[in-house]
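*Asks:* got a sequence here, can you model it:
(chains A and B)
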2 protein chains.
Amino acid sequence: MAVYTDISEEELDGLLDQYDLGQALSCKGIAEGVENSNYLLHTEAGYYILTLYEKRVSEEDLPFFLGLMEHLETGGFMSPRPIAAKDGASLKKVAGRPAAIIEFLDGRSIKRVTPQHCTLLGQALARLHTIGSDFKMTRANTLSLSSWRPLYEACLKSDDNTLNTQLFPEIESEITFLESHWPADLPSGVIHADLFPDNIFFLKDKVSGVIDYYFACNDYFAYDLAICVNAWCFENDGSFNITKARKLLNGYRDVRAFSKKELEFLPLLCRGAAVRFLLTRLYDWLNQVDGALVRPKDPLEYLKKLQFHQAVKNVAAYGLD
Amino acid sequence: MAVYTDISEEELDGLLDQYDLGQALSCKGIAEGVENSNYLLHTEAGYYILTLYEKRVSEEDLPFFLGLMEHLETGGFMSPRPIAAKDGASLKKVAGRPAAIIEFLDGRSIKRVTPQHCTLLGQALARLHTIGSDFKMTRANTLSLSSWRPLYEACLKSDDNTLNTQLFPEIESEITFLESHWPADLPSGVIHADLFPDNIFFLKDKVSGVIDYYFACNDYFAYDLAICVNAWCFENDGSFNITKARKLLNGYRDVRAFSKKELEFLPLLCRGAAVRFLLTRLYDWLNQVDGALVRPKDPLEYLKKLQFHQAVKNVAAYGLD
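*Replies:* Next up, the predicted model:
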């Protein structure tokens, strides 16, 4: 939940003067996204999401994120479309923050994942990869392999020593392993890189929206899938649901075929994806701000996921033949 | 800001089955109201506010609040209308909480109050009093005169002794004064009792909505006005803006005439209204819950308002002749 930046009526009117959306009729802060301030904006032209980008999103990346959303939507993908102002730009400023007005998409994110959701997720992810493949801009994945050791060291530095004995050596040896085994040339392109259940809307048994592109970047397609395996295929008690994984992978395969190498490296990519979320969560955990409204997520959830994938021999463990 | 209770997709579907509003298309937690969980609900029939009543609202009072909103809306007042379910009831249950689906009203609450807003506020308040006067249900004001001494004693008990020397004796002597001077029979009826800027929407220089009736009760009309004088007519630096007060009172008088006695007692009622918010804020301040998402409001703002009214001799100080 997050509404960080307040907008005065004059600021909002000044923003809307730059668009062909009529006057603001209503503007309510919504509890969606933790990185940005989001408002549900009703204007004479319809309903929109107004997003103010807070400090955690780097301003120079915004043209990539907004351009990608527009590219995907134009290609028929269910990304919300950033609304172009009268001057053609979709990135503006309000209340001192970079801001965009974005199409409002119906649908609801789900709390209880079923195997059928995983099929739909897999299909949507493969469509995102396919439609995104001719997007011209690029953005490096700042949270991939090369970032993990520095992130690990930052965690080490901010720890109060209670975690050292067990957790840190385990992470360090995993990073060393990943560094020497990470594949060099899998099929790649634009990936979402944060496709958790919060970021997909379902409506009447279909995917109606995929949102929150603020980690999108260029990387291996199969790494995006590995992030989804971790985010969608484990139960709350930590157990792995092989049916959900099979549905996810088969759903993906309905739209885009896997290369042999992608399947071979999937267990390793799942380990990497687990390390990525383990590290960022651990870092947030160790650097909690007093009085912050957002409670950090449990890092150890991802340690358990990592341990599961460490024991995996091949993709049969994910339900594929 | 508040979203306390999560609703699963099954629970929401089960709720909507009881209404003629079609299926849920979208349901987003909004940062509105601090006492309840509020969602912006989009269904096939339109946009609504779904409110889940949390513990601070007493369940047996809900028929009064919802009945009042319906009565006011029927009478032409800009209260949002509670939507009746198929069985005629507007009070339902979801996720274990009492819940109501309420009309979505356009408009925006303002952060910078102008004298013109105060005119509109005064007119709206008088209309609320007039239209509410034939509402059949009643509810005692649980935060009026008789509650202040117990509330004061509860504050005294939970204080860490840093406030004792100055603040508490001052409050205690004010309560004693108010107890012996409170008027006995001013014109009365249903009052809003919490008409802060947050709770009024403006749109195109008109009042488009008056929301949040969860403190409404039967009490003196002029006491409601006193609450508004305190909430709308002081500047952020603590100074009293007599122009805003004059506009407020004259706006009110456009719609409903004051009795001589109401004007005579207005300074005293303003003192009482200041004590009421001073005490509830002080209580919340002294009883902060660790990790709560809502930061208590500054009680001392109301001490300064109280001191202003203590020095007032008659309504001329509020801009009336």
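*Asks:* which residue packs closest to the residue of the stretch 101-250 of chain A found nearest chain B, ignoring adjacent ones?
*Replies:* At 4.1 Å from chain B, A:Asp106 is the closest residue in the stretch 101-250 of chain A, using C-beta to the nearest C-beta. Bear in mind the C-beta positions are built from the backbone N, C-alpha and C, glycine included. Residue nearest to A:Asp106 in three dimensions, not counting chain neighbours: B:Leu25, with 4.1 Å by C-beta to C-beta, 6 or more residues apart in numbering or on different chains.
*Asks:* what helices or strands is the host helix or strand of that neighbour leaning on?
*Replies:* Using DSSP states H and E, B:Leu25 falls within strand B:24-29. With contacts defined as 3 or more C-beta pairs under 8 Å, 6 or more residues apart in numbering or on different chains; DSSP states H and E, strand B:24-29 has these neighbours: helix B:9-16, strand B:36-43.
*Asks:* deepest of these, which one?
*Replies:* Among the helices and strands packed on strand B:24-29, ranked by average contacts under mean count of other C-beta atoms under 10 Å in any protein chain shown, first place goes to strand B:36-43 (a mean of 24).
*Asks:* got the contact list for it?
*Replies:* Identification of contacts with strand B:36-43 by C-beta atoms under 8 Å, 6 or more residues apart in numbering or on different chains yields A:28, A:30, A:40, A:47, A:106, B:2-5, B:7, B:16, B:21-30, B:32, B:47-54, B:57, B:97, B:101, B:104, B:214.
*Asks:* so which bits of the helix or strand following that strand are buried?
*Replies:* Per DSSP H and E, the first helix or strand lying C-terminal to strand B:36-43 is strand B:46-53. In terms of neighbour count (16 or more other C-beta atoms under 10 Å in any protein chain shown), strand B:46-53 has its buried residues at B:Tyr47, B:Tyr48, B:Ile49, B:Leu50, B:Thr51, B:Leu52, B:Tyr53.
*Asks:* check contacts around A:Gly75.
*Replies:* A:Ile131, A:Gly132.
*Asks:* confidence score at it?
*Replies:* pLDDT, A:Gly75: 98.
*Asks:* again with A:Lys55
*Replies:* A:Lys55 carries a pLDDT value of 80.
*Asks:* for the one 10 residues further on, same thing?
*Replies:* According to the model's per-residue confidence, A:Phe65 sits at a pLDDT of 97.
*Asks:* check which helix or strand covers it.
*Replies:* helix A:62-74.
*Asks:* give the next helix or strand downstream of that helix.
*Replies:* Sequence order places strand A:92-94 as the next helix or strand after helix A:62-74, per DSSP H and E.
*Asks:* which stretches of the stretch 101-250 of chain A form helices?
*Replies:* A:115-132, A:145-158, A:167-181, A:221-232, A:242-255 (DSSP state H, counting those that start in this stretch).
*Asks:* just name the most buried of those.
*Replies:* helix A:221-232 (a mean of 25).
*Asks:* how about the contacts made by A:Pro80?
*Replies:* Residues near A:Pro80 by C-beta under 8 Å, 6+ apart: A:Ile49, A:Met69, A:Glu73, A:Ile102, A:Glu103, A:Phe104, A:Leu105, A:Gly209, A:Ile211.
*Asks:* how about the residues you listed in JSON lines, adding distance to B:Ala85?
*Replies:* JSON lines is the format used below for those (distance: C-beta to C-beta, whole Å):
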{"residue": "A:Ile49", "distance to B:Ala85": "30"}
{"residue": "A:Met69", "distance to B:Ala85": "38"}
{"residue": "A:Glu73", "distance to B:Ala85": "37"}
{"residue": "A:Ile102", "distance to B:Ala85": "34"}
{"residue": "A:Glu103", "distance to B:Ala85": "32"}
{"residue": "A:Phe104", "distance to B:Ala85": "26"}
{"residue": "A:Leu105", "distance to B:Ala85": "28"}
{"residue": "A:Gly209", "distance to B:Ala85": "29"}
{"residue": "A:Ile211", "distance to B:Ala85": "31"}
